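In: Structure for the following, please:
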Amino acid sequence: MPSQSALHPASGQFENGEHRFPVRVYFEDTDLSGVVYHANYLRYMERARSDMLRQLGIDQRAAQEAGEGVYAVTDIALRYRAPARLDDDLTVRSQLTQLGAARCVITQSVWREDTELTRGSVTVAFLDSTGRPRRQPADWIDRFSRLAPIPS
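Out: Model prediction:
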């Protein structure tokens, strides 16, 4: 059994410009019918986006604490295709599909092995402390740009 110091939270990885993040379905994620409650897919996607940024070396907490700004979700579109169930091992796939001065569009999907369960598009804007859009840090845009060619 590994020591406590060897344990770490789940972390994803990049494969060909796509971030992949593992998720397991727990009892608390399901509804009375035994399937994942629809809002929990949003939680899985949020965790994956946060991990994607961390893997890129983008420190959201430092930016917030320095008063530089924060990301906020401004638009989400989801399509549910098939249910996930208790104890399923899932993978959230995330790919940057649009990059602007103050916003990003990230396409995300939740998979169980070779079956796509949910697909969505999430738009995030970088906001200053008053809630107004502002340019993302240039270093962040550079890090995003290195992922893969992004269609305009």
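In: which one's the longest helix in this protein?
Out: Identified as the longest helix of the chain according to DSSP state H is helix 38-56.
In: packing partners for the helix or strand containing V124?
Out: Element membership for V124, per DSSP states H and E: strand 115-127. If you count contacts as 3 or more CB pairs under 8 Å, 6 or more residues apart in numbering; DSSP states H and E, strand 115-127 packs onto helix 38-56, strand 70-80, strand 103-112. The C-beta positions use only the backbone N, C-alpha and C, and glycine is treated the same way.
In: Can you point out the buried residues in the first one?
Out: Pointing back at helix 38-56 there. 40-42, 44-45, 47-49, 51-53, 56 (16 or more other CB atoms under 10 Å).
In: now that helix against strand 103-112, angle please.
Out: With axes from the mean of the first three to the mean of the last three CA atoms, to 10 degrees defining the directions, helix 38-56 sits at 120 degrees from strand 103-112.
In: Send over the next helix or strand after helix 38-56 as CSV, restricted to the C-alpha atoms.
Out: Of the helices and strands lying after helix 38-56 in sequence (DSSP H and E), the nearest is helix 60-65. What follows is helix 60-65, C-alpha atoms only, in CSV (Å, rounded to 0.1, in the frame of the first residue of the first chain):
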residue,chain,number,x,y,z
GLN,A,60,-5.3,30.7,-12.0
ARG,A,61,-5.0,31.1,-8.3
ALA,A,62,-1.9,33.3,-8.6
ALA,A,63,-3.6,35.5,-11.2
GLN,A,64,-6.7,35.9,-9.0
GLU,A,65,-4.6,36.7,-5.9
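In: Could you tell me which residues make contact with Y37?
Out: Counting by CB atoms under 8 Å, 6 or more residues apart in numbering, Y37 makes contact with 29-31.
In: Poorly predicted segments of the chain, please.
Out: By pLDDT under 70, the low-scoring segments of the chain are 1-5, 148-152.
In: what's the distance between the spatially most central residue of it and V122?
Out: The centroid of the chain falls nearest to R49 when counting by CA atoms, centre = their mean (1.8 Å). Applying CB to CB, to the nearest Å, the value for R49 to V122 is 7 Å.
In: related to what we said a few turns ago, can you redo the helices and strands packed on strand 115-127 as CSV with distance to T118?
Out: Listed next are these as CSV, based on distance: least, CB to CB, whole Å:
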stretch, distance to T118
helix 38-56, 5
strand 70-80, 5
strand 103-112, 4
